[in-house]
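Engineer: Sequence first, then the predicted structure:
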Amino acid sequence: MKKSIVFTGGGSAGHVMVNFVLIPKFIHEGWDVHYIGSENGIEKQLMARFPAVQYYSVSTGKLRRYLAWNNVKDPFKVIKGILQSYQLFRKINADVVFSAGGFVAVPVVLGGWFNKVPVVIREPDRTLGLANKLSLPFATKVCTTFPETGQALKNNKTIHIGGIIRDDLTKGSQIQGFSYCGFTKEKPVLLIMGGSQGAQRINEIVRSCLDELLTDFQIVHICGKQKVDPSIRLKGYRQFEYINEELSDVMAMTDFVVSRAGSTAIFELLSLQKPMLLIPLSYRASRGEQIINAQSFQNAGYAEVLLHENLNKGTLIDAIYTLYQDREKYLENMKKNKEDRAIYKLMDLIRKVTV
């Protein structure tokens, strides 16, 4: 008899990408795969790429850390979502739930728990997000990305598996990367990824530094949606809103990276052994998880950190040159990292909790 799995998670691409990696593998193994998410979230758009996956929408509320009128209304949406999820699990007869986190997942986790379905949740960041804190009492197992997370929780539910990496990202062609960007091998390549949140400040500072940086480097700049500046046309500088299929090729030719400190991105860079300068989102723009992620990588010797509050033209130029000069040190530390089988550890765990 076929086993059945329900995936959930959403609110941001980071909370969906691990499901994006797992789903094809479970389909290949012959599982019945279902997804419960929100009506209009990014998870619904992304899951449209998997016609074999049955998608169900439930009512969701956003979990806010600030005062807002919607904080009064949203608990009722969550309760409605729990009831809807409960009914869906009665229909689906799932063997296991896997939650990638985000506020979308909370009613689904509770709906599964009420039906006595084992629940595996994953925490991508160094500290638990609010949604996973709420889901923790109902989880069978909690998979952590950072080893420090389980140490801090001191909970026998936690198991450290490491970062989940997309398979295709490791299969890029350096030659195709140079061709795609119109670059040569004469100068090292710096990749700058501002991220979708708060990218404008990084974009502005990077553009103010181009005259200095292009003397020694070629630069690929992923700016974010509608943030390309078409007036800038400089040799050795390429701007993109985003890069999809060609990202693995661009990564293959990249020597070092400036990035935000989202968990998915930095573990991919670690796997690809790209020295990184991390500029985490500030506490004003987040709960501070990127700062904690960045500090963990800095302590491990994988990255240098430039706090957003300290970002200006001078500090960015100094940090980039320091990172490049010390790149061999970071490469040596990255080579010692052995967490390259996280996806298989996670799949084994999911199989075990269904027994």
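Structural biologist: Perfect, I can see it now. Residues are numbered from 1 along each chain as shown.
Engineer: how about residue 138, what does it touch?
Structural biologist: Residues near residue 138 by CB atoms under 8 Å, 6 or more residues apart in numbering: 109-110, 112-113, 119. Bear in mind the C-beta positions are built from the backbone N, C-alpha and C, glycine included.
Engineer: change it to 7 Å
Structural biologist: 109-110, 113, 119 (CB atoms under 7 Å, 6 or more residues apart in numbering).
Engineer: What are the phi and psi values at it?
Structural biologist: With angles defined as degrees, to the nearest 10, residue 138 sits at phi -100, psi 0.
Engineer: Quick one, grab the pLDDT at it.
Structural biologist: Residue 138 is assigned 96 on the pLDDT scale.
Engineer: Can you show me the helices along the stretch 251-355 of the chain?
Structural biologist: 263-271, 289-299, 313-325, 327-335, 342-354 (DSSP state H, counting those that start in this stretch).
Engineer: Can you name the next helix or strand after the helix or strand containing residue 24?
Structural biologist: Following DSSP states H and E, one finds residue 24 within helix 17-28. Note on helix 17-28: by DSSP H and E, the next helix or strand toward the C-terminus is strand 32-37.
Engineer: following that following strand, which helix or strand comes up?
Structural biologist: helix 42-47.
Engineer: Return the list of helices and strands in contact with that following helix.
Structural biologist: Contact partners of helix 42-47 among helices and strands, from 3 or more CB pairs under 7 Å, 6 or more residues apart in numbering; DSSP states H and E: strand 32-37.
Engineer: give me that answer again for 8 Å
Structural biologist: strand 32-37, strand 54-57 (3 or more CB pairs under 8 Å, 6 or more residues apart in numbering; DSSP states H and E).
Engineer: out of those, deepest packed?
Structural biologist: The highest average neighbour count among the helices and strands packed on helix 42-47, using mean count of other CB atoms under 10 Å, belongs to strand 32-37 at a mean of 24.
Engineer: relative to helix 17-28, how tilted is it?
Structural biologist: 160 degrees (axes from the mean of the first three to the mean of the last three CA atoms, to 10 degrees).
Engineer: Can you list the helices and strands that strand 32-37 packs against?
Structural biologist: Contacts defined by 3+ CB pairs under 8 Å, 6+ apart place strand 32-37 against strand 4-8, helix 17-28, helix 42-47, strand 54-57, helix 70-92.
Engineer: Many thanks, I have nothing further to ask.
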